[in-house]
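A.B. asks: for reference, the sequence and a predicted model appear below.
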Amino acid sequence: MTPDPDAARVTLVIPVLNERENLRPLYEEIAAASERTPGELEIVFVDDGSTDGGWGEIERLHHEDRRVRAVRFRRNFGKAAALQAGFELATGGRIVTLDADLQDDPNEIASLLAKLDEGYDLVSGWKRIRRDPWHKVLPSRVFNWMVSRLTGVALHDHNCGLKAYRREVLDEIQLYGEFHRFTPVLAQARGFRVAEVEVHHRPRTFGASKYGWTRFINGFLDLLTVKFLTSYQHRPQHLLGALGLTSLLLGTAGMGYLAVLWILTRFGVPFDPIGPRPLLIFSATAVLAGMQIFSLGLIGELIAFRLQRDQNVYSVAERLGAAEESGDVRGEGAGGRAP
């Protein structure tokens, strides 16, 4: 096969939200660091609805250096949307993300790419020493611990803005909502190799942080969603069915116990009335809830079955004797899936 001419290119994707004062210094640091970056460099800024005039600065950078490309949103759509837009605009075979607040050091790009060249597909930065106030560091550490324990992807810093990807990873994962925090989890769930590199973190000089305590709550809810998607997306009945059957069995056992008591009262055995017992309400509720949850699992299985007809449930690392090499495309199945 003919080598991809863009495979050696490195694209930097930088989401921007009201960071006008940081853009010029960041560009200059990137330009200096590019001398140590192997391959052709491309810089993609994504203006996520900035209101501080930052787009004008990006335009000036583009006119000064044609390596700079950019896209501007009509309003703020969030970091995940900004990253996704940057990924779609990027042309490099290796893509590095970093924040525009100057806290991520562009000199670390070379170390991320070096780790990527060791055979990994995604390399995440680890800010071992964080230059942030304690009320940001503490929730972040708790959140990272929860993500590692719940997903099995043992990283110290899941939400670090400095990450390096191979293009194949971004071709298979789709970001929305606030799932940018979980790209290592989503990638590993597809079978990609994930690693971590310690990076230098710097205090913020200009601008203000865009995150607060609400990020922790939203992140926890997103974590539950990601856990479900990575573990049960293609087999929802394994979770919902198990929960439904458990509830149904507990409810049936409770109702059966009450039925035995009622029968015994018919033979003169003294028992308190069944009607006022809380167990009656709990058991009936458990039976109804179990039936509903189990039914949701069946509906989920039907939806998952339909989706699997249109998208791959697997990830291919490489092929030998691929159809495109021989010109034979008869092996491709419905929905464009490879054999």
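C.D. replies: Cool, the structure landed.
A.B. asks: drop to CA atoms for contacts and neighbour counts, all remaining ones
C.D. replies: Will do.
A.B. asks: go through stretch 275-293 and flag the buried ones.
C.D. replies: 279, 280, 283, 284, 286, 287, 289, 290, 291, 292, 293 (16 or more other C-alpha atoms under 10 Å).
A.B. asks: so which of these are in strands?
C.D. replies: Among the buried residues of stretch 275-293, no member is found in strands (DSSP state E).
A.B. asks: and of those residues, the nearest to residue 115?
C.D. replies: Nearest to residue 115 among those, counting by C-alpha to C-alpha, is residue 293 at 44.8 Å.
A.B. asks: which stretches of the stretch 101-250 of the chain have low pLDDT?
C.D. replies: Applying pLDDT under 70 to the stretch 101-250 of the chain picks out residues 177, 207-216.
A.B. asks: so which residues of it form strands?
C.D. replies: Under the criterion DSSP state E, counting those that start in this stretch, strands of the stretch 101-250 of the chain are mapped to 122-126, 163-166, 194-198.
A.B. asks: let's have those in TSV, adding distance to residue 23.
C.D. replies: Shown next, in TSV, are the strands of the stretch 101-250 of the chain (distance: least, C-alpha to C-alpha, whole Å):
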stretch	distance to residue 23
strand 122-126	21
strand 163-166	19
strand 194-198	24
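A.B. asks: dump these to a markdown table, plus mean neighbour count and distance to residue 228.
C.D. replies: Below are the strands of the stretch 101-250 of the chain laid out as a markdown table (neighbours: other C-alpha atoms under 10 Å; distance: least, C-alpha to C-alpha, whole Å):
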| stretch | mean neighbour count | distance to residue 228 |
| --- | --- | --- |
| strand 122-126 | 26 | 22 |
| strand 163-166 | 26 | 24 |
| strand 194-198 | 20 | 20 |
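A.B. asks: and residue 50, which of these is closest to it?
C.D. replies: strand 163-166 (23.1 Å).
A.B. asks: adjacent strands (with direction) for that closest one?
C.D. replies: Strand 163-166 has its sheet partners listed here by DSSP bridges as strand 94-97 (antiparallel), strand 122-126 (antiparallel).
A.B. asks: tell me which of the strands of the stretch 101-250 of the chain sits nearest to residue 31.
C.D. replies: Nearest of the strands of the stretch 101-250 of the chain (C-alpha to C-alpha): strand 163-166, 17.9 Å.
A.B. asks: residues near residue 26, how many?
C.D. replies: 19 (other C-alpha atoms under 10 Å).
A.B. asks: how near is it to residue 244?
C.D. replies: To residue 244, residue 26 is 53 Å away according to C-alpha to C-alpha, to the nearest Å.
A.B. asks: show me the helices in the stretch 101-250 of the chain, by range?
C.D. replies: Remark: helices assigned in the stretch 101-250 of the chain by DSSP state H, counting those that start in this stretch are 109-116, 134-151, 167-172, 183-189, 214-232, 237-266.
A.B. asks: most tightly packed of those helices?
C.D. replies: Ranked by mean neighbour count, the helices of the stretch 101-250 of the chain are led by helix 183-189 with a mean of 22 (mean count of other C-alpha atoms under 10 Å).
A.B. asks: which outside residues touch that one?
C.D. replies: 122, 124, 151, 153, 158, 169, 173, 193, 194, 226, 230 (C-alpha atoms under 8 Å, 6 or more residues apart in numbering).
A.B. asks: ok, the first one touching residue 190?
C.D. replies: No - with contact defined as C-alpha atoms under 8 Å, residue 122 does not reach residue 190; the gap is 11.8 Å.
A.B. asks: helix, strand, or coil at the residue of the chain positioned farthest from its centre?
C.D. replies: The C-alpha centroid of the chain is most remote from residue 268, which lies 63.2 Å away (C-alpha atoms, centre = their mean). Secondary structure state of residue 268, per DSSP: H, G, I helix; E, B strand; the rest coil, is coil.
A.B. asks: and for residue 91?
C.D. replies: coil.
A.B. asks: touching, it and residue 12? I think so.
C.D. replies: No - here residue 91 lies out of contact with residue 12, judged by C-alpha under 8 Å, at a distance of 10.1 Å.
A.B. asks: who's more crowded, the two?
C.D. replies: Neighbours per residue, other C-alpha under 10 Å: of residue 91 and residue 12, the larger number sits with residue 12, 27 against 18.
A.B. asks: what sits against the more buried one?
C.D. replies: Residues in contact with residue 12 (C-alpha under 8 Å, 6+ apart) are 41, 42, 43, 44, 95, 96, 97, 98.
A.B. asks: rerun that using 10 Å as the cut-off
C.D. replies: 30, 41-45, 68-69, 86-87, 90, 92, 94-98, 106, 109, 163-164 (C-alpha atoms under 10 Å, 6 or more residues apart in numbering).
A.B. asks: again with residue 102
C.D. replies: Here residue 102 is in contact with 19, 21-23, 25-27, 29, 201-206 (C-alpha under 10 Å, 6+ apart).
A.B. asks: with distance to residue 302 added, can I get those in TSV?
C.D. replies: Conversion of those to TSV gives the following (distance: C-alpha to C-alpha, whole Å):
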residue	distance to residue 302
19	46
21	52
22	50
23	49
25	53
26	49
27	50
29	52
201	47
202	49
203	50
204	49
205	52
206	51
